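[1] Below are the sequence and a predicted model for it; my questions follow.
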Amino acid sequence: MVTWSTTSTVIEPSSTCTSSLVPAACASLACRSPGPNDQSHSSTTSGGLVPATNTPRPPAAPLHNSAPSPLRVTFTDLNVTRGIPTLIIAHCIYGIPICTLIFRNYYATIVPNEIIESARVDGAGLVQTYARIILPISISGFVVTLIWQFTSVWNDFLFALFLTTQQNGPVTLGLAALAGGQKVDYAASMAGALITSFPTLLVYIVLGRWFIGGLMAGALKG
């Protein structure tokens with residue numbers, strides 16, 4: 001379990017941070033860009049960002065079950081080998097759209113247009129406005145996206161199964177290996193399940209005070 005846990009620890013920071021920082025900047029632009037109305041603009045954004053949703057699949061097949069297969073075909077066509085970098089890219093591809101929508105609703109609720117206009121009148125550019133006005137009040141939004149992406153990446157099994165191997169896979173593959181076979185060591189399996197669930201539980205305990213506030217802020221408008 002130590003090797004697999006180390007692999008997950010390597011995957012987590014790059015996948016989670018990239019899927020939070022990039023959507024924050026994109027959502028800030030999307031929220032302030034002109035459009036016919038907020039609802040149509042949000043629908044256009046969500047329809048244009050979420051990848052692989054147009055991939056043909058049986059009607060009864062859920063999206064999260066059918067997505068890894070075409071993604072692996074794409075990586076194979078691009079001659080991308082199975083491993084940790086491939087898994088990180090996959091998590092970023094599927095994490096950025098959802099986190100962008102979370103940040104978009106959050107910014108539409110928290111940041112009034114009058115403050116942005118005042119900053120423009122005072123001569124602040126796009127980067128200065130984001131860094132000095134929007135970013136300091138984005139803590140709750142970052143907490144929501146960090147928890148969302150951390151949980152998705154740490155608990156992921158399907159992407160890991162398709163895009164990595166048993167030797168370089170994350171902790172979920174190690175847990176499946178412990179539970180597999182004809183003779184199952186239940187003590188080792190339960191210990192592995194406890195070790196696997198502990199980081200996610202710790203993240204919720206540490207960041208939980210900001211989590212509900214961030215969710216409610218994004219749910220009030222959008």
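    Happy to help now that I have it.
[2] Quick one: residues contacting the residue lying closest to residue 139 once chain neighbours are set aside.
    Excluding the flanking residues, the one nearest residue 139 by C-beta to C-beta, 6 or more residues apart in numbering is residue 210, at 6.1 Å. All C-beta atoms are positioned from the backbone trio N, CA, C, and that covers glycine. Contact partners of residue 210, counting by C-beta atoms under 8 Å, 6 or more residues apart in numbering, are 139, 140, 143, 144.
[3] And for residue 123?
    Counting by C-beta under 8 Å, 6+ apart, residue 123 touches no other residue.
[4] quick one, phi psi at it?
    phi 90, psi 10 (degrees, to the nearest 10).
[5] Now do it against residue 171, distance only.
    50 Å (C-beta to C-beta, to the nearest Å).
[6] Next: residue 27.
    Using C-beta to C-beta, residue 27 is found at 30 Å from residue 171.
[7] Next: residue 210.
    Per C-beta to C-beta, residue 210 is found 26 Å from residue 171.
[8] tally of neighbours for residue 80?
    Residue 80 has 15 neighbours, counted by other C-beta atoms under 10 Å.
[9] The one 3 residues further on too?
    The tally of other residues near residue 83 (other C-beta under 10 Å) stands at 15.
[10] and residue 149, what is it in contact with?
    Per C-beta under 8 Å, 6+ apart, neighbours of residue 149: 15, 16, 19, 20, 91, 95, 99.
[11] Select from those residues every entry located in helices.
    Under the assignment DSSP state H, the contacts of residue 149 contribute 15, 16, 19, 20, 91, 95, 99 to helices.
[12] can you tell me which of these lies nearest to residue 159?
    Nearest to residue 159 among the ones in helices among the contacts of residue 149: residue 91, at 6.8 Å, using C-beta to C-beta.
[13] Thought residue 150 was touching that closest one, still the case?
    No: look at residue 91 against residue 150 with C-beta atoms under 8 Å: they stay out of range, at 10.5 Å.
[14] the more surrounded of those two?
    Each of residue 91 and residue 150 has its neighbours counted (other C-beta under 10 Å); residue 91 has more, 24 against 21.
[15] Would you mind measuring from the nearest residue to that one once chain neighbours are set aside to residue 21?
    Among residues not flanking residue 91 along the chain, residue 15 sits closest, at 4.0 Å (C-beta to C-beta, 6+ apart). Using C-beta to C-beta, residue 15 is found at 12 Å from residue 21.
[16] Also residue 159?
    For residue 159, the distance to residue 21 - C-beta to C-beta - is 21 Å.
[17] Neighbour count for these two, which is higher?
    Ranked by neighbour count (other C-beta under 10 Å), residue 159 and residue 21 place residue 159 first, with 23 against 14.
[18] roughly how far is the one helix or strand the more buried one maps to from the heart of the chain?
    Taking DSSP states H and E as the definition, residue 159 sits inside helix 158-163. Centre-to-centre, helix 158-163 and its host chain are 16 Å apart (C-alpha atoms, centre = their mean, to the nearest Å).
[19] Would you mark the buried spots in the following helix or strand past that helix?
    Downstream of helix 158-163, the first helix or strand assigned by DSSP H and E is helix 171-179. For helix 171-179, the neighbour count (16 or more other C-beta atoms under 10 Å) marks 171, 172, 173, 174, 175, 176, 178 as buried.
[20] Lowest pLDDT pick from the residues you listed?
    Lowest pLDDT among these: residue 178, with 78.
[21] didn't it look like it was pressed against residue 187?
    No: applying C-beta under 8 Å as the test, residue 178 and residue 187 come out as separate, 10.0 Å apart.
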